[in-house]
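Asker: 3D model of this:
(chains A and B)
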Amino acid sequence: MIYLAAEHFVRAPQWTWYILGYFFFAGLTGGCYAIATLLRLVGDARDEPAARIGFYASFVALLVCPVLLTVDLGASWWKFWHMLIDVTPADQGLNFKYWSPMSVGVWALLIFGLFPTVSALEAYVLDRRARSAPAASGSSRFNTVGAPARAVGGVLGGAFNVVGGGLALFIASYTGVLLSVSNQPVWSDTWMLGGLFLASGLSGSGALIALLTRYRADAAFSLGRLHEADGYFSILELVLLVAFFITIGVAGTAGLTLPFLPLWLLALVGIGASLVSARGHMRIRPGGGGSAVISRAGTDTLVVSVLVLLGVLALRAAVIFSAQ
Amino acid sequence: MATTIEPGKSYGFFTDTSICIGCKACEVACKEWNQLQGNEPKFLADSYDNTGQLDDQNWRHVKFIDDVPAQSADAGNGKAFLMMSDVCKHCKHASCMDVCPTGAIIRTEFDTVFIQQDVCNGCRNCIAACPYSVIALNPKTGTAHKCTLCYDRLQGGMQPACAKACPTQSIQFGLLGDLHTAADNRLATLHSQGVTQAQLYGRDDTVYGGLNAFFLLMDKPETYGLPNADNAQLPTRNDVGGYLGALVTAVLGVIAGIVAFRRRGAS
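Answerer: Predicted structure coming up:
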């Protein structure tokens, strides 16, 4: 069913700046964790530093999320915990509605919070241990391919990251589903928002981790791979963006997006920058092109990453405000 | 309609718009009983409407729809008024209840939909979901507000204030079954008089499983700002599709990551 609904007589929920901020950081915390997990489990051993950057970034982005959600509640902020516990007389207990994305999302965010916290802590301990180890004992810091050793290896560590990665993908996407599960124009006229927010979050996270590799020399190995991944995520995002406009066009609500044309264009600029960067920066490896190439790549990464992150923010702003 | 009010039975409103005179006694009575201060008075330049919409301060709102062609015997001036005292519909399948993450929105012992103020935390998910633009946030309390169908009055055995005050009995309160019968009779009378455009809205289960506050309309629902049966859909209709879209994207995203990060550089 492509045609969902075109007739809306609803009031806007006034989900504005705090929610926009939450959607942005939820995309980044989920996206960074998912990418970090992929780098660690699928990537080369020398991708481990970039993976740790991802876990750090995911943790920092996570810290902002509950603050924004709570502040958005306004005068009732102190009742935020009612999301988790039902205090209705004669119906007390845990509050979980699998059919309400907001209810599922709150629980998912709570449980997911454990994963970036543990992974960032693990990364911190490993980095600290590596820094404090004497140069002579380099064999304890690096494995045979010259990459930092992983702390929690084996099946257990991998399983932990996989579970966290799955939750991360949910966190990065459910915000779009939450908008669709409403009766608002634009939002409820498409099924694309969950996927669109996820692809955008992954793209922004790839760009963020790439940007942060500037501050960690041993992560330079992953730069080209991050740009390549970012390119794939951006292609996905572009396809979903087209599908989004087709669906709301069929529903007759595409006109509501027009006042936010500059935001849509900024989102497209972010996608375009990511695609151009992916094409130009694939296969950049230390020693492969000399310091001049690496330096230029770093400058380009700064510009591209900022544009991509602005695009991620603009996309969410355009979607949120189009219906309100 | 004198009604004995007992818990465990379904109660509601039948609002007959064909006899609404737009006096706004319902609005006043509602504000009086529920101690709603109302919004700052302002000129809306919209017919005789000075409340504008249902919100946290207006739990009854008399709509004036004046852009419909007159169908009276004389030529008139080409325009006719439609008046309708709008209110929360207390839907059988309530969108607001469906999405509320806190359990603040409940169905009472009188089969009405009620927001518990001490439980609501102002997330506004119900506002995004309500297809009738009924619920609004009160910024002072930080909670969602709407018509309670005078829950406190029902508990005291009294009919809601708006129905009590309505001078033309356009708003009737009672047992849902009795109201259905009254509505059917009124519709038959109007049709027999040649008023064929009259129709019931929310009387049957085609709109959100039936509305406890249902209407007799003098035009199609869209004219009154009400979704027709085809468009009256629950927000949860998009659960499966939304999650499916996210799942497919997640799978493709993971594949993209594997392609980009695969161990091609490892020795």
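Asker: which non-adjacent residue is nearest B:Ile105?
Answerer: B:Met97 (4.6 Å; Cβ to Cβ, 6 or more residues apart in numbering or on different chains). Any C-beta I mention is one placed from the backbone N, CA and C, and that applies to glycine too.
Asker: Specify the next element, helix or strand, located C-terminal of the helix or strand that contains the one you found.
Answerer: Secondary structure from DSSP states H and E places B:Met97 in helix B:95-99. Next helix or strand after helix B:95-99 toward the C-terminus (DSSP H and E): strand B:105-107.
Asker: by contact count, what packs against that next one?
Answerer: helix B:95-99, strand B:113-115 (3 or more Cβ pairs under 8 Å, 6 or more residues apart in numbering or on different chains; DSSP states H and E).
Asker: that older thread, I'd assumed B:Ala104 was in contact with the residue nearest to B:Ile105.
Answerer: No: proximity of B:Met97 to B:Ala104 does not meet the contact threshold set by Cβ atoms under 8 Å, at 9.4 Å.
Asker: what does stretch B:33-50 rub up against?
Answerer: By Cβ atoms under 8 Å, 6 or more residues apart in numbering or on different chains, the residues outside stretch B:33-50 that reach it are B:22, B:30-31, B:51-52, B:55, B:57-59, B:62-64, B:66, B:81, B:148, B:150, B:153, B:161.
Asker: Show me what counts as buried in it.
Answerer: B:Trp33, B:Asn34, B:Leu36, B:Asp49, B:Asn50 (16 or more other Cβ atoms under 10 Å in any protein chain shown).
Asker: Now compare those and name the two farthest from each other.
Answerer: B:Trp33 and B:Asp49 (21.7 Å; Cβ to Cβ).
Asker: counting contacts, what elements does the top helix by length along chain B pack onto?
Answerer: Secondary structure of chain B read by DSSP state H shows that its longest helix is helix B:239-261. In terms of contacts (3+ Cβ pairs under 8 Å, 6+ apart), helix B:239-261 is packed against helix A:17-42, helix A:154-180, helix A:193-212, helix A:223-251.
Asker: which residues are contacting the helix holding B:Met97?
Answerer: So helix B:95-99 is in contact with A:99-100, A:102, A:181-183, B:105-107, B:113, B:125-126, B:128-131, B:135, B:208, B:234-236, going by Cβ under 8 Å, 6+ apart.
Asker: Quick check: mean pLDDT of stretch A:119-129?
Answerer: Averaged across stretch A:119-129, the pLDDT comes to 94.
Asker: residue of the stretch 1-150 of chain A with the smallest distance to chain B?
Answerer: A:Ala75 (2.9 Å; Cβ to the nearest Cβ).
Asker: how about A:Trp191, what does it touch?
Answerer: A:Leu4, A:Ser180, A:Thr247, B:Asn238, B:Gly241, B:Gly242, B:Leu244, B:Gly245.
Asker: Wait, a strand at it?
Answerer: No: according to DSSP: H, G, I helix; E, B strand; the rest coil, A:Trp191 belongs to no strand; its state is coil.
Asker: Show the backbone phi and psi for it.
Answerer: Backbone torsions for A:Trp191, taken as degrees, to the nearest 10, come to phi -110, psi 10.
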